[in-house]
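S.K.: Sequence first, then the predicted structure, then my questions.
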Amino acid sequence: MGRIPCCEKDNVKRGQWTPEEDNKLSSYIAQHGTRNWRLVPKNAGLQRCGKSCRLRWTNYLRPDLNHGEFSESEEQTIVKLHSVLGNRWSLIAAQLTGRTDNDVKNHWNTKLKKKLSGMGIDPVTHKPFSHLMAEIATTLAPPQVTHLAEAALGCFKDEMLHLLSKRRVDFCSASAAVAAEVQTYPTPGLMCDVYPPADGRGFGYEGEGSAWSACTGGGCGEAAPGEENGAEESKSAMFGSECVLWDLSDELMNNIV
DNA sequence: AAATAGTTCAACCGCATAGGA
DNA sequence: GTCCTATGCGGTTGAACTATT
């Protein structure tokens, strides 16, 4: 038994598309549209499966696609939406003109995850690593916490060294950074202030009017669990277990829901 | 210059689901 | 309501390209 294949694989070509194939597919769709993908390869004279044709069209050949670099605002939108929607790539892509789910997914996996990690933010939870450490630490006995902290700091150090060695983070001049108590590391598309881990508990980050400014007022993750109340509450509550980190505009969310 | 490692992204796979018979 | 087919979606793979040693 088993699943019925979407098409006969014996005489179906796979792998990279040639310009000739692209031309055939484009001209066929221009004439007949995309009603029945199973019939497309047959009628267009292509030795491809319909699924492959659909993917090629939606991800590459569609005339409304934007194949250029992702802009800062696009990256901000992706991160905002990912913090709420998770890996719902098609929903996220729908908010970006000319981007496909595959584009967004690839950009996230190859660029944005690393950027966030480099900023000390967990790309899965969108919380600062320091905050996650604090959360975990509350559930562990002191010896375990020590080992965990050492391991985490090692990982974070490795990640930063990796980013720096690959020149993925465009740090501003080292001298200015050393002189300033609050060090500003402007990265392309990521405007944030990175604070040195003065208390040894990790980085906070702040950016005026930026989507990356999840932690307003700085020093996020510094409030010990259970300490927040009053004025502090609104700040630290951003990193509560059920919190939404990014301040999403209504217009953006209304389009999705 | 060659070998190796790392990165990117197009394409594929298989599951989920919508919609028609 | 059930079955079948087409399509959509997210995860994964691997070829091509680039950087480093």
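M.R.: Right, received. Where do you want to start? Numbers count the residues shown, from 1 in each chain, chains lettered A, B, ... in the order given.

S.K.: dump the residue contacts of A:L46.
M.R.: A:K13, A:E21, A:K24, A:L25, A:V40, A:C53 (C-beta atoms under 8 Å, 6 or more residues apart in numbering). Where C-beta positions appear, they are placed from N, C-alpha and C, glycine not excepted.

S.K.: do the same with A:Y28
M.R.: A:V40, A:N43, A:A44.

S.K.: how many other residues sit next to A:Y60?
M.R.: When neighbours are counted by other C-beta atoms under 10 Å, A:Y60 registers 15.

S.K.: What residues does it make contact with?
M.R.: Contact analysis of A:Y60 by C-beta under 8 Å, 6+ apart lists A:W17, A:D22.

S.K.: quick revisit: return the members of the contacts of A:Y28 classed as buried.
M.R.: Among those, those classed as buried by 16 or more other C-beta atoms under 10 Å are A:V40, A:A44.

S.K.: Closest to DNA strand B out of the contacts of A:Y28?
M.R.: A:V40 (13.0 Å; C-beta to the nearest atom of the strand).

S.K.: does any bit of the host helix or strand of that closest one sit next to DNA strand C?
M.R.: If you go by DSSP states H and E, A:V40 is part of helix A:39-44. No - Helix A:39-44 stays clear of DNA strand C (C-beta under 7 Å from any atom of the strand), getting no nearer than 7.8 Å.

S.K.: Run a quick neighbour tally on the closest residue to DNA strand B within the stretch 101-250 of chain A.
M.R.: Nearest to DNA strand B, among the residues of the stretch 101-250 of chain A, is A:T110, at 3.4 Å (C-beta to the nearest atom of the strand). A:T110 has 9 neighbours, counted by other C-beta under 10 Å.

S.K.: Then A:H147?
M.R.: 10.

S.K.: Next: A:T139.
M.R.: 8.

S.K.: Helices of chain A, start to end?
M.R.: Secondary structure of chain A (DSSP state H): helices located at A:19-32, A:39-44, A:50-56, A:72-85, A:89-94, A:101-107, A:113-118, A:129-137, A:142-165, A:174-179, A:231-236, A:250-256.

S.K.: rewinding a little: could you pull up the contacting residues of the residue of the stretch 101-250 of chain A closest to DNA strand B?
M.R.: So A:T110 contacts nothing (C-beta under 8 Å, 6+ apart).

S.K.: circling back: contacts with DNA strand B among the contacts of A:L46, please.
M.R.: With C-beta under 7 Å from any atom of the strand as the criterion, the contacts of A:L46 include A:K13 near DNA strand B.

S.K.: Show me just the buried residues among the contacts of A:L46.
M.R.: Judged by 16+ other C-beta under 10 Å, buried ones among the contacts of A:L46: A:E21, A:K24, A:L25, A:V40, A:C53.

S.K.: Report the contact partners of the first one.
M.R.: With contacts defined as C-beta under 8 Å, 6+ apart, the neighbours of A:E21 are A:L46, A:R48, A:R56.

S.K.: and of those residues, the nearest to A:F70?
M.R.: For the contacts of A:E21, the minimum distance to A:F70 (C-beta to C-beta) is 21.4 Å, reached by A:R56.

S.K.: and the closest one, how many residues sit next to it?
M.R.: So A:R56, with other C-beta under 10 Å, has 18 neighbours.
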